[in-house]
Each structure stands twice: as C-alpha cells, then as structure tokens.
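Peer 1: okay, here's the prediction I keep looking at, along with the sequence it came from:
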Amino acid sequence: MRNALGLMLASVVVAVVIAGVWFWTSSPRADAAAPQTIAARKPEPLPPAAAAKPDAKDDVQVTASLSRPAPPAVPAPAPVQQKTACANPNALGVARTVVIDTTGGPGFGFEHFKQLDFLADKEVVLTFDDGPWPHNTAAVLKALADECTKGLFFAVGKHATYHPEILKQVLVAGHTVGTHTWSHVNLNSKKLTEQQVRDELEKGFSAVKSALGQPPAPFFRFPQLQHNPGAMTHLGTRNVAMFSTDLDSFDFRSRNAEQIVNTVMTKVDKLGKGIILMHDFQKLTGEALPTLLARLKAGGYKVVHMKAKTPFDTLPEYDAMMVKDKKLPQVSSRPVSAVVQTVAD
C-alpha cells in the first residue's frame, strides 16, 4: 500500500512538471523585449476610413471655411512724412505752420483775392507749380531741405502720372501737395465746355491721389492764373481753397538764376511779405533757390508753411479713370536704339 501511495505522488509531481513546461514554452518570454514606457510607445495608426472622415461638426466647419470669401487685400501704406532734426543750425527753417479751413473755397493771394490777409510783416509762403518733373523737382527739394524749410506744391495731374515716385518724395519730405488741373489747360478757354472744365479739375485731383497713394490737400491754383467763374463755383462746392499769388518770380521766362533771385527780392522788399509763385518744372528755379533762400534769411524774412484742416475726398468715377489708365498696356519699354536701327545711310 505504501508503494502504491508513493507511486501516486510521483505521478502527480510528473504531471505538474509537464504542465509547467508546457505553460513556459507556449507563453511569451519575459525577457524577450524591454518593457516600453508611455512616452516611447508609438500610437496605433487609425484605420484609413476613420482617419479621413471628420465628424459632423468638423464637416460643417470645413464647408463654412471653403465658402467664406477671401479677406480683402491690404492696401499699400501711404507715404510717411519724415520728421528729422535740422542739421543746419543757421537754416531759414519754418517760422510757423498754419492750418486752413477750406470750407466754401477761400482764396489766397492778393493778385486776385483781397479778403484773407494772414501773413505778418516779413512772412512769405513758398509755392511751386507744374511738377513733378525729373531733376528739376529734385533740385528744388534739395534746396528746401538744406534750409530745413517747407513749401506748397501744385502738381499737374498728367505729370503726377508720369512721375509718381517724384511726387511721393515731395510728400515724404513734409511739403504740402495741392493740384493744378489735369493737363495745365487755360480753364478760361472758349474751347472748353463746362463739363470739360470740371473734368480738368476732378481728374487732376484723382491723378495726384493715385500718384501719392492718398488724397492731395484741398488746395488748387489755376493755370496761368486764369480764374474761370464756373470752376471757382465748383471748387467752392468741393471745399477747395484757391491760390493766386502776391508776387510772381517769372522764373519761366528768366534768362538765368540771378534774374529770378533779383525779381523775387525786389518785389518782396517792396511788399514786405507775400505768397511767392515759382515752378519746380523749371531748371533755373532749382539753381536759383539756394541763393534766394539765403537772401530771404539775410533780409529777415520767415517762412510760413500751409496745411489743410481736413483731408480732401476725390470722386469715385474719376478715381476709376485713373485705375483704368494704369491697366493700359505699354506700347514698348525698350529704348529707341533697340527698336530703330540704321542699316544704310
């Protein structure tokens, strides 16, 4: 019996050993791979269908974003006026700056307008017509900058479209930019209809605005100082100040720079003050200006800078004309020598 019991115990032990061996060989080895941390474990990839299909809320957001219109283009920033300290301690400078309320179209310059006498004795306003123009406008700007003083420029619309980069330099330098019609035509000409006169005014405003990237000051000077009554009425309704002059430099018909200086100084000494009419379109004006400014300072004259109280609103239909003109194709940008060649004399 004892032998039988021992045999049964041996059988149980053998069975347990066999079961343990089977379990060990059929289970993963504990030392087969190092255990992964959460940070090191790679996420299971989603099934393709689940990855591609958003839920209903996301679907609405995607549809809305596709149907939403694109944001409007950001306009180019307007030119920023320079504010630098004057490097010339003996400069003529600017004695004072006045702000003009242009409501109703006030007039300045005693040659045509007698009401608004705002200049004190020995005060002058420097004005320049017919620009912008290559080289000549730059020479005027340099002379003014060297004396740290400011002027009022009446730009011709066509010239502004030819050389917008020059007119921007005028504005950036801190000068006031007004207008001088679209094509510098005599508005008193009998050949012009009332509508053509209005077009000359308004197209000139929009052309200068297009060149500057912002509206001009509501300041206007008539070409040849020919004050058309209908145009004056129109400018009044548009709240644009009109400028004549107190003394004309006649730089456009002067023989040399010295003659311009003498003409201006003779007249200003006689009047004692005044709005001076010059042209940055004329080469001799840029040559005369350094000497003229020095003479004005030596004579005790001071410069008054004029600005507008409120900005000017151009008319949309004339602004559209300028945009359309910009889109016209250029006939050729090549120099003449590249287009026309002599092959036989």
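Peer 2: It's in.
Peer 1: buried ones in stretch 150-164?
Peer 2: 150-157, 159-161, 163-164 (16 or more other Cβ atoms under 10 Å). In short, each C-beta sits where N, CA and C put it, glycine included.
Peer 1: so which of these belong to strands?
Peer 2: 152, 153, 154, 155 (DSSP state E).
Peer 1: isn't the second one right next to residue 133, touching?
Peer 2: No: the pair residue 153 and residue 133 fails to qualify as a contact (Cβ atoms under 8 Å) at a distance of 11.1 Å.
Peer 1: which members of the buried residues of stretch 150-164 are the farthest-apart pair?
Peer 2: 150 and 161 (24.7 Å; Cβ to Cβ).
Peer 1: please report how far residue 204 lies from residue 310.
Peer 2: Distance from residue 204 to residue 310, counting by Cβ to Cβ, to the nearest Å: 19 Å.
Peer 1: ugh, typo on my part, it should be residue 192
Peer 2: 29 Å.
Peer 1: for residue 264, grab phi and psi.
Peer 2: phi -70, psi -50 (degrees, to the nearest 10).
Peer 1: okay but it is in contact with residue 249, surely?
Peer 2: Yes: contact criterion Cβ under 8 Å: residue 264 and residue 249 qualify, at 5.0 Å.
Peer 1: overlap in contacts, the two.
Peer 2: Overlap of the contact sets of residue 264 and residue 249 (by Cβ atoms under 8 Å, 6 or more residues apart in numbering) consists of 276, 278.
Peer 1: what are the ranges of the strands in this protein?
Peer 2: 96-100, 107-108, 123-129, 152-155, 176-179, 219-221, 241-243, 247-248, 274-279, 302-308.
Peer 1: residue 90: which of the ones you listed is closest?
Peer 2: strand 302-308 (14.0 Å).
Peer 1: in the closest one, what's buried?
Peer 2: Quick answer for strand 302-308 (16+ other Cβ under 10 Å): 302, 303, 304, 305, 306, 308.
Peer 1: okay if I get those residues as a markdown table plus pLDDT and distance to residue 269?
Peer 2: Shown next, in a markdown table, are the buried residues of strand 302-308 (pLDDT from 0 to 100; distance: Cβ to Cβ, whole Å):
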| residue | pLDDT | distance to residue 269 |
| --- | --- | --- |
| 302 | 98 | 15 |
| 303 | 98 | 16 |
| 304 | 98 | 18 |
| 305 | 98 | 22 |
| 306 | 98 | 22 |
| 308 | 98 | 30 |
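Peer 1: if anything else comes up later, I'll come back, but that's it for now.
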